[in-house]
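Asks: I need the structure of the sequence given here:
(one chain, ligands or ions: 1)
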Amino acid sequence: MLNKNLNLIIVVFTIIGLSFWIGLNINLLPKEASINAPIYDELFKILFIIGLILFIGMTLIVIYSLFKFRRKKGQLGDGIALEGNLSLEILWTVIPSVVVLLVGLYSYNIYDRMGGMKELNHNHHMIDNNSEKIWAGISQKSNTQLSTNNVNIEVSAMQFAFLFNYPDGDFISGELHVPVDEEISIKMESKDVIHAFWVPEFRIKQDIIPGQPTILNFTPTRVGKYPIICAELCGPYHGGMRASIIVEELSDYEQWFNKNRKTEV
Ligand SMILES: [Cu+2]
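Replies: Numbering: from 1, shown residues only. Predicted structure coming up:
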């Protein structure tokens, strides 16, 4: 009995160890290109490790049972009628409950660190037509801090394209250009149905909702060209609703901006 328990403990620890090794050494995510990416990846690693423990553990139990509990030659009767196992039932209720609770708390912490809990709605008045628009979404800064931001971009989403308006330069672009290492603030509005602005390399995704403008703040950290993908099924050509975000050095960005800006008459 003691020997059997010892074997079980060794197997369990091997599975946990192997899962941690795989989870920490194999990266399934695209390269990290914003300050949100490392925060998000922390949570992803934990979830990946938990998933691996379950996957490897259950696969081994199935394989073990296939051999161990196989019908023996000449065995014709039914199996033993088992009914209830209180300790086992407590175990498989308590462990998942604790895991889910901890993951929930940790996710909240991650979302908070990414800026998801910032109060963006500074509209304290009752609803009236002159009041400020309500913005929602991820931001590392509050609304008042955002107004001092130097890179302001308005995103319009429609079936089936994204358009990027640069109000300071009074022009519209089909590609989103942003300077690296600067805090970017984008205000997003939908012209028709729900869309979502998703940049996998930035680990950010925000819905664009008709009648409910949203705001998204991020700081790109790596120069390059990344896809912007609509992540909300928005119609027959949803799959083709893509654009690009080009992260470049500030001087390159300014050059591009000045080339496109409307000169005042
Ligand atoms: Cu869309």
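Asks: what about the residue lying farthest from the centre of the chain, distance to residue 65?
Replies: Computed with Cα atoms, centre = their mean, the maximum C-alpha offset from the centroid of the chain is found at residue 74, amounting to 55.1 Å. Between residue 74 and residue 65 the computed distance is 21 Å (Cβ to Cβ, to the nearest Å). C-beta here means a position set from N, CA and C on the backbone, and glycine is covered the same way.
Asks: Please see if stretch 224-241 touches the ion.
Replies: Yes - looking at stretch 224-241 against the ion by Cβ under 5 Å from the ion, the contacts come from 230, 234, 241.
Asks: buried sites along that stretch?
Replies: If you call a residue buried by 16 or more other Cβ atoms under 10 Å, then stretch 224-241 has these buried ones: 226, 228, 229, 230, 231, 232, 234, 238, 241.
Asks: would you list every one of the strands in the stretch 51-200 of the chain?
Replies: In the stretch 51-200 of the chain, strands defined by DSSP state E, counting those that start in this stretch lie at 152-158, 161-166, 171-173, 176-179, 184-190, 195-199, listed in chain order.
Asks: from those, which stretch is densest packed?
Replies: The highest average neighbour count among those, using mean count of other Cβ atoms under 10 Å, belongs to strand 195-199 at a mean of 24.
Asks: So what touches that strand?
Replies: When contacts are taken as Cβ atoms under 8 Å, 6 or more residues apart in numbering, the neighbours of strand 195-199 outside the stretch itself are 33-34, 155, 157-158, 162, 186, 188, 204-208, 216, 218, 226-232, 234, 241, 245.
Asks: Any residue of it touching the ion?
Replies: Yes - using Cβ under 5 Å from the ion as the criterion, contacts between strand 195-199 and the ion involve residue 195.
Asks: So which bits of the stretch 151-265 of the chain are right by the ion?
Replies: With Cβ under 5 Å from the ion as the criterion, the stretch 151-265 of the chain comes near the ion at residues 195, 230, 234, 241.
Asks: what's the burial count for the nearest residue to residue 34 once chain neighbours are set aside?
Replies: Using Cβ to Cβ, 6 or more residues apart in numbering and skipping residues adjacent in sequence, the residue nearest residue 34 is residue 202, 3.8 Å away. Look at residue 202: counted by other Cβ atoms under 10 Å, it has 27 neighbours.
Asks: Enumerate every residue touching residue 202.
Replies: By Cβ under 8 Å, 6+ apart, the contact set of residue 202 is 33, 34, 36, 37, 218, 220, 226, 245.
Asks: where does the fourth one land in three-state SS?
Replies: What it means is residue 37. helix (DSSP: H, G, I helix; E, B strand; the rest coil).
Asks: so what's it up against?
Replies: Remark: with contacts taken as Cβ under 8 Å, 6+ apart, residue 37 is in contact with 201, 202, 203, 221.
Asks: partners of the nearest residue to residue 210 once chain neighbours are set aside in the sheet?
Replies: Closest residue to residue 210 in three dimensions, ignoring its sequence neighbours and counting by Cβ to Cβ, 6+ apart: residue 190, at 4.4 Å. Assessed by DSSP bridges, residue 190 has beta-bridge partners residue 157.
Asks: tally of neighbours for residue 108?
Replies: Residue 108 has 12 neighbouring residues, counting by other Cβ under 10 Å.
Asks: swap in residue 89?
Replies: 10.
Asks: ok, now which ones touch it?
Replies: Applying Cβ under 8 Å, 6+ apart to residue 89 gives no contacts.
Asks: And it, what's its pLDDT?
Replies: Predicted confidence (pLDDT) for residue 89: 94.
Asks: again with the one 4 residues further on
Replies: Among the per-residue scores, residue 93 holds a pLDDT of 95.
Asks: wait, which of the strands of the stretch 51-200 of the chain is closest to residue 81?
Replies: Taking Cβ to Cβ, strand 195-199 is the member of those nearest to residue 81, at 52.0 Å.
Asks: Give me the angle between the closest one and strand 161-166.
Replies: Compare the direction of strand 195-199 with that of strand 161-166 by axes from the mean of the first three to the mean of the last three Cα atoms, to 10 degrees and you get 70 degrees.
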